[in-house]
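Asks: The following comprises the amino acid sequence and a computationally predicted model.
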Amino acid sequence: MAGTTPRPALRPSAGAPHARLLGLGAYRPSRVVPNSEVVLGIDSTDEWIRQRSGIEERRWATDDETLRMMSVAAARRALEDSGVDARQIDCVVVATVSHFMQTPALATLVAHDLGTDQAAAFDVSAACAGFCHGVAMASDMVRGGSARHVLVIGAERLSEQTDPHDRGTAFIFADGAGAVVVGPGDEPGIGPVVWGSDGEQYDLIRSREDWRDVLTSESPRMPHLVMQGNAVFRWASFQMAKTGLQALDRAGIGVDDLDCFVPHQANNRITDAMARAMKLPDSVAIARDIVHQGNTSAASIPLALDRMREEGQARSGDTALLIAFGAGLAYAAQVVVLP
């Protein structure tokens, strides 16, 4: 229409050309629980658990080691490692299935405890794949311009959701927290994510009860996790190897270029099957944190990275393939350069 004032164009977001991991931190609960203690509640043995999963012991949180406390502790160590001040954090993402308040998100409390300057904060519920989901989103935020520094935390207290008399799960799950700071980089430090879900197999890993069923039952209790172990093993061993190779391809590197393989610490036999299927060379260091930590769901990958770095299996600048899978069935994989 003649004389109409042109509508102004929106100003686009301007982010960094690349994103990378700037720092890493972890918190391991103080209580060490050996297999000899777990088998008291189930028909099993220490030898069976080791053969089945590779687990020799796991960490369970004490009453004082709350999900909030562990998240903050891991985050502070990641911030210190990165050299980034908490007030520079623009967004806090907490990946967890252990925060039992439907709302508000745990991330808002963590952001406050850390002293961030009104950072955006939200939780991610993608089970064991949650940390990798968080890293993918953080990378996009930094490159897209919605945040310059993002704190990604994986934290769980799965001991509260474990039935001590369930032979299929009592020995598996554990507690802990790990965190990374994601920020701008001069070169690509986080490769393209390969992620998805297979909802047809929704029931393979799940909470046994709906909260409404728990609250109306004669003996209310915490909803416990249940798992169809054999089916999960078959699915993860082969499907996740394909996902890992896709992530390598999208990042433009081959297995011979890898320094570290850091899968979700679900089961050592699954890790071995994936490594064989991807034909990883002997030069690639493989994370085995599950042996002494147990399966910590969303916290397992940053905890495994922390142990590899502490033991000298991984160094700053190394190239690592992260791959995670869990309830949903949700999964994600990406190649990263270690801080």
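Replies: Thanks, I have it.

Asks: Which stretches in the protein count as strands?
Replies: Applying DSSP state E to the chain gives strands spanning 18-27, 31-34, 57-60, 91-95, 120-124, 150-157, 175-185, 194-197, 205-207, 225-227, 260-263, 285-286, 319-326, 330-337.

Asks: Can you lay out those as JSON lines showing mean pLDDT and distance to Ala78?
Replies: Quick note: C-beta positions are derived from backbone N, CA and C, even for glycine. Formatted as JSON lines, those follow (pLDDT from 0 to 100; distance: least, CB to CB, whole Å):
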{"stretch": "strand 18-27", "mean pLDDT": "98", "distance to Ala78": "3"}
{"stretch": "strand 31-34", "mean pLDDT": "98", "distance to Ala78": "23"}
{"stretch": "strand 57-60", "mean pLDDT": "98", "distance to Ala78": "19"}
{"stretch": "strand 91-95", "mean pLDDT": "98", "distance to Ala78": "11"}
{"stretch": "strand 120-124", "mean pLDDT": "98", "distance to Ala78": "15"}
{"stretch": "strand 150-157", "mean pLDDT": "98", "distance to Ala78": "7"}
{"stretch": "strand 175-185", "mean pLDDT": "98", "distance to Ala78": "4"}
{"stretch": "strand 194-197", "mean pLDDT": "97", "distance to Ala78": "22"}
{"stretch": "strand 205-207", "mean pLDDT": "88", "distance to Ala78": "28"}
{"stretch": "strand 225-227", "mean pLDDT": "89", "distance to Ala78": "27"}
{"stretch": "strand 260-263", "mean pLDDT": "98", "distance to Ala78": "16"}
{"stretch": "strand 285-286", "mean pLDDT": "98", "distance to Ala78": "21"}
{"stretch": "strand 319-326", "mean pLDDT": "97", "distance to Ala78": "16"}
{"stretch": "strand 330-337", "mean pLDDT": "98", "distance to Ala78": "14"}
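
Asks: now the ones you listed in JSON lines, with distance to Ala107 and mean neighbour count?
Replies: Formatted as JSON lines, the strands of the chain follow (distance: least, CB to CB, whole Å; neighbours: other CB atoms under 10 Å):
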{"stretch": "strand 18-27", "distance to Ala107": "16", "mean neighbour count": "23"}
{"stretch": "strand 31-34", "distance to Ala107": "25", "mean neighbour count": "14"}
{"stretch": "strand 57-60", "distance to Ala107": "23", "mean neighbour count": "23"}
{"stretch": "strand 91-95", "distance to Ala107": "4", "mean neighbour count": "29"}
{"stretch": "strand 120-124", "distance to Ala107": "4", "mean neighbour count": "20"}
{"stretch": "strand 150-157", "distance to Ala107": "8", "mean neighbour count": "32"}
{"stretch": "strand 175-185", "distance to Ala107": "11", "mean neighbour count": "29"}
{"stretch": "strand 194-197", "distance to Ala107": "20", "mean neighbour count": "18"}
{"stretch": "strand 205-207", "distance to Ala107": "21", "mean neighbour count": "18"}
{"stretch": "strand 225-227", "distance to Ala107": "22", "mean neighbour count": "20"}
{"stretch": "strand 260-263", "distance to Ala107": "23", "mean neighbour count": "24"}
{"stretch": "strand 285-286", "distance to Ala107": "31", "mean neighbour count": "19"}
{"stretch": "strand 319-326", "distance to Ala107": "19", "mean neighbour count": "26"}
{"stretch": "strand 330-337", "distance to Ala107": "19", "mean neighbour count": "25"}
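
Asks: out of those, nearest to Ala251?
Replies: Closest approach to Ala251 among the strands of the chain is made by strand 330-337 (3.9 Å; CB to CB).

Asks: Can you name every helix or strand that that closest one contacts?
Replies: strand 18-27, helix 130-144, strand 194-197, helix 229-251, strand 319-326 (3 or more CB pairs under 8 Å, 6 or more residues apart in numbering; DSSP states H and E).

Asks: quick revisit: so which of the strands of the chain is nearest Gly168?
Replies: That would be strand 225-227 among the strands of the chain, by CB to CB, at 6.1 Å.

Asks: remind me which residues of the stretch 1-150 of the chain are low pLDDT?
Replies: Along the stretch 1-150 of the chain, segments meeting pLDDT under 70 span 1-3.

Asks: Let's see that with 90 instead.
Replies: 1-8, 11-14, 43, 101-102, 117 (pLDDT under 90).

Asks: The stretch 151-300 of the chain too?
Replies: For the stretch 151-300 of the chain, applying pLDDT under 90 flags the ranges 203, 205-226, 229-230, 233, 237-238.

Asks: Not counting its neighbours along the chain, what's nearest Ala277?
Replies: Nearest residue to Ala277 in three dimensions, chain neighbours excluded: Ala241, at 3.5 Å (CB to CB, 6 or more residues apart in numbering).

Asks: Same check on Gln161?
Replies: Per CB to CB, 6+ apart, closest to Gln161 is Leu225, 5.0 Å.

Asks: got it, and Gly229?
Replies: Nearest non-adjacent residue to Gly229, counting by CB to CB, 6+ apart: Gly168, 5.4 Å away.

Asks: repeat for Ala147
Replies: Closest residue in space to Ala147, ignoring its immediate chain neighbours: Asp90 at 3.7 Å, by CB to CB, 6+ apart.

Asks: Quick check: the one you found vs Ala120, distance?
Replies: From Asp90 over to Ala120 the distance is 7 Å, taken as CB to CB, to the nearest Å.
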